[in-house]
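Trainee: Have a look at this fold, sequence not included:
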């Protein structure tokens, strides 16, 4: 069994066992009877919102690619996004998504490692900006409900430090790329001895990345603004999913409170533990939304939420990844054949 298959099996096993445990303690009537409580319209709406999030995400990557003068079709971008979401879902803290997206974007026509890095870092900067704003709002909205949880304040402080470090890194790469070059050059010295020319190649990619970032900033066709709006749409629909599911289960919940609760869940999921945050995400969501909506049917809520936002990524993303990898293999084979003939 290869590593991705092992990670997938581990993440699914932990997630399913955790959810079944939560259901045993919070749904006395059992799984089947609990599932009958969900209004199918709201279940379909929750799934539609998550799929809509994919569309917003794809649009953002596509618009940033076009701003980089990379001719990338919407359908190709969608395949990259879905493959990235699958990789993220089987790695701790969803950390595997960015490397996959970087790799697939860098292979496209008129692209490079520097251009792909600029696109991915620009995406993350937009996500960070959004999460800082709504994470701050959630502290005020949920503060009274979690006054006994001092660790929550520590968690927010820790994440804020990560955000600040990331922002400083982006600004440094913009205005003082020489510092990035020297830092990476120092760290890459052992690799340079094994493979001469590595540092020069890295420096070229850093220059390419810096050039693309400045193109974004100086761009007069408002592509960055469009990408920012798409980011707002992406996170807006994702944050709305818990409210829709709770409503479908007949729970009366304030929209802003349910919406803000998702920011806290996101912070919990980002803790680097299990692949895809399995176990941690389910327990975290059950704690947060028990405080918001009560314990009735909370296990069913967690099951539906993970099915819509996580299992769907695994299924659709897994299928897409297998197609993408097959396409890459075919391209490599086509390149190899002419070379073999010349040899």
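Mentor: Good, I have the coordinates. Computed from a predicted model, the values in this text were never measured in an experiment. Numbering: from 1, shown residues only.

Trainee: Which stretches in the stretch 51-200 of the chain count as helices?
Mentor: Here the stretch 51-200 of the chain has its helices, by DSSP state H, counting those that start in this stretch, at 74-89, 97-106, 113-142, 150-175, 177-187, 189-194, 198-218.

Trainee: just how off-centre is the third one within its chain?
Mentor: Its chain's C-alpha centre lies 11 Å from the corresponding centre of helix 113-142 when counted by C-alpha atoms, centre = their mean, to the nearest Å.

Trainee: Which neighbouring elements make contact with that helix?
Mentor: The contact analysis (3 or more C-beta pairs under 8 Å, 6 or more residues apart in numbering; DSSP states H and E) places helix 113-142 against helix 40-67, helix 97-106, helix 150-175, helix 198-218, helix 223-248, helix 255-269. Every residue, glycine included, has its C-beta placed from N, CA and C.

Trainee: Mean neighbour count and mean pLDDT for these - can I get that in a markdown table?
Mentor: Shown next, in a markdown table, are those (neighbours: other C-beta atoms under 10 Å; pLDDT from 0 to 100):
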| stretch | mean neighbour count | mean pLDDT |
| --- | --- | --- |
| helix 40-67 | 19 | 94 |
| helix 97-106 | 20 | 86 |
| helix 150-175 | 13 | 67 |
| helix 198-218 | 16 | 69 |
| helix 223-248 | 20 | 91 |
| helix 255-269 | 21 | 84 |
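
Trainee: of those helices, which approaches residue 295 most closely?
Mentor: Of all those, it is helix 223-248 that lies closest to residue 295, at 12.5 Å by C-beta to C-beta.

Trainee: mind checking how far the closest one is from the chain centre?
Mentor: Using C-alpha atoms, centre = their mean, the offset of helix 223-248 from its chain centre is 13 Å.

Trainee: Show the contacting residues for residue 284.
Mentor: 264-265, 268-269 (C-beta atoms under 8 Å, 6 or more residues apart in numbering).

Trainee: and the angle from the helix or strand harbouring residue 20 to helix 74-89?
Mentor: Element membership for residue 20, per DSSP states H and E: helix 3-26. Angle between the axes of helix 3-26 and helix 74-89 is 70 degrees (criterion: axes from the mean of the first three to the mean of the last three C-alpha atoms, to 10 degrees).
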